[in-house]
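Peer 1: model the following, please.
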Amino acid sequence: MSFENVKVVKKANVYFDGNVTSRTLEFADGTTKSLGVMQPGEYVFATADKEIMEILGGECEVKIAGTDSFKTYKAGDCFEVDANSSFDIKAKTLTDYCCSYIKE
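Peer 2: Reported below is the predicted structural model:
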């Protein structure tokens, strides 16, 4: 997968003492995505916008706010999280991801 005509924000987004890092991509139409990597561990993320998380590599378990259990995701899988919500994620291995932010 590749993206055309994007602006990359040089400054990294660093979370959880550096265990999760990403870079922001800004597209000409105003949409944004982030490309990142998570070290194995457990994390909780809050969402402002709707998010579509595509797992590019690795394996993780995700529990979206309002659901009762964790679900496993591997390379090629994706999941959606509503705006103004949250999700718990357990990165079982080094996990490579692409997050798309959807303004509603």
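Peer 1: residue contacts, residue 33?
Peer 2: Residues in contact with residue 33 (CB atoms under 8 Å, 6 or more residues apart in numbering) are 3, 24, 25, 27, 98, 99, 100, 101. Heads up, the C-betas are built off the backbone N, CA and C, glycines and all.
Peer 1: strands - which of the residues you listed land there?
Peer 2: Counting by DSSP state E, the part of the contacts of residue 33 found in strands is 24, 25, 27, 98, 99, 100, 101.
Peer 1: quick one on the thing from earlier: out of the contacts of residue 33, which is most surrounded?
Peer 2: When neighbours are taken as other CB atoms under 10 Å, the top entry among these is residue 99 (21 neighbours).
Peer 1: what bridges to that one?
Peer 2: residue 34, residue 53 (DSSP bridges).
Peer 1: what comes up buried for stretch 74-94?
Peer 2: 79, 81, 82, 85, 87, 89, 90, 91 (16 or more other CB atoms under 10 Å).
Peer 1: same check, this time on stretch 35-45
Peer 2: For stretch 35-45, by 16+ other CB under 10 Å, it's 35, 36, 37, 38, 43, 45.
Peer 1: again with stretch 18-29
Peer 2: 20, 21, 22, 24, 25.
Peer 1: put the alpha carbons of it into CSV.
Peer 2: Extracted C-alpha coordinates of stretch 18-29, given in CSV (Å, rounded to 0.1, in the frame of the first residue of the first chain):
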residue,chain,number,x,y,z
GLY,A,18,7.5,5.6,23.6
ASN,A,19,5.9,2.2,23.4
VAL,A,20,3.5,3.5,20.7
THR,A,21,4.7,6.0,18.0
SER,A,22,3.1,7.3,14.9
ARG,A,23,3.4,9.9,12.1
THR,A,24,0.5,12.0,10.8
LEU,A,25,-0.3,12.1,7.1
GLU,A,26,-2.3,15.0,5.8
PHE,A,27,-4.1,14.7,2.5
ALA,A,28,-5.1,17.4,0.0
ASP,A,29,-8.8,16.8,0.7
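Peer 1: now what about that stretch, what contacts it?
Peer 2: 3, 5-10, 12-15, 32-39, 41, 43, 97, 99.
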